[in-house]
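Asks: build me a model:
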Amino acid sequence: MKRFLTNMIFPLIAFFMFATLLIPILVTVKTPIGPQQLFAYSVSPLAYSFMLTGVFIASRPRFLEKHVGMPKMYAIHALMTILAFFLVLYHIIFYWQGFGAIFRSPATIFGWIGMILIFLGMMSGILSLSGMFINKIKPLKYLKEKVLNREVMLWIHRIAGIGSVVAVYLQNVFIGFLRANTPYMIVLGLYTALILGYYFYWKLETQFLPKYKVSKIYKATPLLWVLEFEPKRGNIVEYNPGDYFFIRFKGKANITKEAHPFSTSSAITKKHSNTIEFMIKEAGDWTKSLANIKVGDVATLEGPYGDFFPPVARESESPYVLMGGGIGLTPNLSILRSEIEKKSQRRIELIWALSYESDMFMIDELESYKKVNPNFNYHIIFSNEEVKNYPFGFISNPYLEQIGVSEVYQDATFFICGPDIMMESTYNVLVKGGVPANKIYVDDFGF
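Replies: Just a heads-up that it's a prediction; the model follows:
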């Protein structure tokens, strides 16, 4: 029951708003209504409830994100936006006689403005944020990564999202029978003020987050940046291994000021008692611009977010199997460093899948961990280049059997992070091998 409520919290919020908007409309209807008329009354408040819930999700409420997870929140946000668009489109086509009604009244004008803005918000969100849709369609993925400016698309997405809510609210104000329904207008205004107020409070709050300065920046491999931040004042924020932050550079830093999410590679240890480290792969315009960043540049770190290493896993005494694909090592390394700091003697198996030898680094650090914990082992496998003394191929049950990991299938807790295809295939390998699904944690944010 608890898991159901956690997974359904945002749909439940949307349907609660919908129900409390629909009831004041229905109580004013004096004659019995059939299913078709009920649907007609329901379309607009349902679409608006989805829109408001989408704006609420866009404000990244941490008190809910830690239970639901950002990937699931963003997936719900995307689906609700799409549903809202088609509900509004249906309403216009079947109840307003389509394009002919655009300039019939202020209500229809604002309704059309709202629909256009929802469409812009939906498309800009898909092209700037969505891994759920884009990664499965190569032309759109190319358009997102090579042609469109992500920062511009994000601004369009934000402005269109807020603008569509305002437009649809004004549409309701200009519909006579709704404006005359005082309970409906009170509920509508209350929800609109609460959601938009929370959103703008969050946006304002992000501008006044504690500032961090870059204390180290270097390249560990030809395509991997390592950044370390220390607070300008006070102490770092508390975070758990595997958590992530949205990094937003400020001031004179020669990089766009849009926030980008990255997992921590550090944990709170003696080495990183008052610094936070990130390992960032150079894979786009923003990450390439890290070449312009220098020691002393200032940023804010919004977070922490994530639940890759939840309390049930932290409190477990079972072996850990950390499985990283490329830069997916990062949150796993955070967990590993935390365990080494505690001088944990649990069995820990780190499996690192790489494409090329040039992607490999920090072997000395991994070797040093064996001295602290004799039950720690690491395994590196290459998929695109044959490297001497290392296996070639992909993570599979025969490979896991060969390195002895299959013997802890029933006992260990597994953590997977990497490219989508690696995470999906590795998860399937484990499940088919008999690993209980509730013992597998996947760091699947792809936005």
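Asks: show me the strands in this protein, by range?
Replies: Taking DSSP state E, the strands of the chain run over residues 211-221, 224-231, 244-249, 260-263, 276-281, 298-305, 320-325, 348-354, 376-382, 413-417, 440-442.
Asks: what helices or strands is the second one leaning on?
Replies: Packed against strand 224-231 by the contact rule (3 or more C-beta pairs under 8 Å, 6 or more residues apart in numbering; DSSP states H and E) you find strand 211-221, strand 276-281. Every residue, glycine included, has its C-beta placed from N, CA and C.
Asks: ok, back up a step: Throw the strands of the chain into JSON lines and include mean neighbour count, mean pLDDT and distance to residue 362, thanks.
Replies: Shown next, in JSON lines, are these (neighbours: other C-beta atoms under 10 Å; pLDDT from 0 to 100; distance: least, C-beta to C-beta, whole Å):
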{"stretch": "strand 211-221", "mean neighbour count": "16", "mean pLDDT": "97", "distance to residue 362": "7"}
{"stretch": "strand 224-231", "mean neighbour count": "20", "mean pLDDT": "97", "distance to residue 362": "9"}
{"stretch": "strand 244-249", "mean neighbour count": "22", "mean pLDDT": "97", "distance to residue 362": "20"}
{"stretch": "strand 260-263", "mean neighbour count": "20", "mean pLDDT": "94", "distance to residue 362": "16"}
{"stretch": "strand 276-281", "mean neighbour count": "21", "mean pLDDT": "97", "distance to residue 362": "9"}
{"stretch": "strand 298-305", "mean neighbour count": "21", "mean pLDDT": "96", "distance to residue 362": "23"}
{"stretch": "strand 320-325", "mean neighbour count": "25", "mean pLDDT": "97", "distance to residue 362": "12"}
{"stretch": "strand 348-354", "mean neighbour count": "23", "mean pLDDT": "97", "distance to residue 362": "10"}
{"stretch": "strand 376-382", "mean neighbour count": "19", "mean pLDDT": "97", "distance to residue 362": "10"}
{"stretch": "strand 413-417", "mean neighbour count": "26", "mean pLDDT": "97", "distance to residue 362": "16"}
{"stretch": "strand 440-442", "mean neighbour count": "19", "mean pLDDT": "95", "distance to residue 362": "23"}
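Asks: okay, and the beta partners of residue 351?
Replies: Under DSSP bridges, the beta-bridge partners of residue 351 are residue 323, residue 379.
Asks: contact partners for it?
Replies: By C-beta atoms under 8 Å, 6 or more residues apart in numbering, the contact set of residue 351 is 321-324, 378-379, 381, 395, 400, 403, 405.
Asks: next one: residue 298 from residue 71, what distance?
Replies: For residue 298, the distance to residue 71 (C-beta to C-beta, to the nearest Å) stands at 29 Å.
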